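[1] What follows is a predicted structure for the sequence shown.
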Amino acid sequence: MITDIVKKTGVAKGTFYYYFPTKEAILEAICTRWATELATCFELESRHLSALQKLQSFIAHQFAPDQLDRLSEKLWDDKQFDLLYKMWQSQIEKVFNPLLIRIIEQGNEDESMHVLHLKETIDFFWSTLNCLWEAFYFKEPFEVFSNKVKIAIIVLERILGIHERTLEISIDKR
């Protein structure tokens, strides 16, 4: 609740509402900060990698445990699906898509990828990762999860124009 937040932070309620007019606004700010930090860290770590290596690292980063997991799990448990989806979509659009576009453009330049329809391909990229997230977070059996990863690799290689059996996805299933 807002009253809990202002008590813990020691700011007046009016000050809080000046910066965050709704609870959703503070959640958006938290998610934006997390996504921006993740993207900045990723870009620093991967600046000398090939496009394919960047893509593989980018995917692995999407499944790395972080502090936002507890917030996402709480929203999920509270059946705040629309809010969770809205927050995630916002970060995809603002932070992750520009990063993904740069990776694909680098891949097109070095010819490790062949993508003609960038926006449409990115939509399918996220849909494919969504299948893996669901299997990951719903803790599907290892064999099922492993099969979905294999299928995701095939789908991603095809939509990104990557040579068969070139892409590797390494996800540490907690």
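    Sure thing, it's come through. Residues are numbered from 1 along each chain as shown.

[2] how many neighbours does residue 160 have?
    The tally of other residues near residue 160 (other C-beta atoms under 10 Å) stands at 24. Using the backbone N, CA and C atoms, a C-beta is placed for each residue, glycine as well.

[3] Give the closest residue to it in space, chain neighbours not counted.
    Residue nearest to residue 160 in three dimensions, not counting chain neighbours: residue 113, with 4.9 Å by C-beta to C-beta, 6 or more residues apart in numbering.

[4] How many residues are close by the one you found?
    Other residues near residue 113 come to 24 when the count uses other C-beta under 10 Å.

[5] likewise the one 5 residues further on?
    For residue 118, the count of nearby residues is 14 (other C-beta under 10 Å).

[6] still on that earlier bit, mind listing what the residue nearest to residue 160 touches?
    Each residue near residue 113 by C-beta atoms under 8 Å, 6 or more residues apart in numbering is listed here: 51-52, 55, 104, 107, 160-162.

[7] out of those, which is most surrounded?
    Counting neighbours by other C-beta under 10 Å, the top entry in these is residue 55, with 26 neighbours.

[8] quick one: that one from residue 140, how far?
    24 Å (C-beta to C-beta, to the nearest Å).

[9] now swap in residue 164 and tell me
    Here residue 164 is placed at a distance of 26 Å from residue 140 (C-beta to C-beta).

[10] higher neighbour count, those two?
    Neighbours were counted for residue 164 and for residue 140 using other C-beta under 10 Å; residue 140 has more, 16 against 9.

[11] Looking at the contacts of residue 113, which is nearest residue 25?
    Residue 25 has its nearest neighbour among those in residue 104, at 31.7 Å by C-beta to C-beta.

[12] And the helices in this structure?
    Along the chain, the stretches classed as helices by DSSP state H are 2-9, 13-19, 23-46, 51-62, 68-77, 81-91, 97-110, 118-137, 142-160.
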